[in-house]
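In: Generate a structure from the sequence data that follows.
(one chain, ligands or ions: 1)
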Amino acid sequence: MKDDEIPAAAYQPWRPMSNPQDIKTLGKLAEELGECQAAAMRCLIQGIEEHEPKTGYLNRLWLEDEIADVLANIELVVARFDLDKRRMEKRYAAKMPLLHAWHTEASNPSLAELRDAAMDNWLRRTPKLALSTILDEALQLAYDAGRAASTDS
Ligand SMILES: [Mg+2]
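Out: The predicted structure is shown next:
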């Protein structure tokens, strides 16, 4: 095949999943994600310690239920589709300090300003470093900021 030829497979239309167990596994995860979203939204608009008006069920318990349902279904999807757990764990580990720092900034805005100033200074001093090195440093800064915030509160 020449470099300018488009492979025949590129012309094939997309084919939806057809294996019933694949469809059930992924579909159930999507359903539970929706339920978890509904529980989180109810906690946001009513408060986590409030109750569902008709049933009296505590919002906190509903959120716990739906998070558990999502976690169980995630495990099943990972196993069913042989997803790369090591790759996912690496991303999880990188994301966690960033999220933690972002969340804690909500109660300590000056922390965000300090972090941003440190990042600006650092980037100005080291403009030629590889992007991965910059990202590693950024993650460390965010992690340190998150730790500082959690020990302050
Ligand atoms: Mg559920």
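In: quick one: Asp69 and Cys36 touch, right?
Out: Yes. The pair Asp69 / Cys36 is scored as a contact, 7.0 Å apart, by Cβ atoms under 8 Å. Just so you know, the C-beta spots here come from the backbone N, C-alpha and C atoms, and that holds for glycine as well.
In: Give me the helices and strands touching the longest helix seen in the chain, please.
Out: The single longest helix within the chain, with elements called by DSSP state H, is helix 20-46. Judged by 3 or more Cβ pairs under 8 Å, 6 or more residues apart in numbering; DSSP states H and E, helix 20-46 is in contact with helix 59-80.
In: Flag every buried residue along the helix it packs on.
Out: 59, 62-63, 66, 69-70, 73, 77 (16 or more other Cβ atoms under 10 Å).
In: need the contact list for the residue of the chain found nearest the ion.
Out: Residue of the chain nearest the ion, by Cβ to the ion: Asp69 (3.7 Å). By Cβ atoms under 8 Å, 6 or more residues apart in numbering, Asp69 lies in contact with 32, 35-36.
In: could you dump those to a markdown table with neighbour count?
Out: Shown next, in a markdown table, are these (neighbours: other Cβ atoms under 10 Å):
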| residue | neighbour count |
| --- | --- |
| Glu32 | 20 |
| Glu35 | 15 |
| Cys36 | 20 |
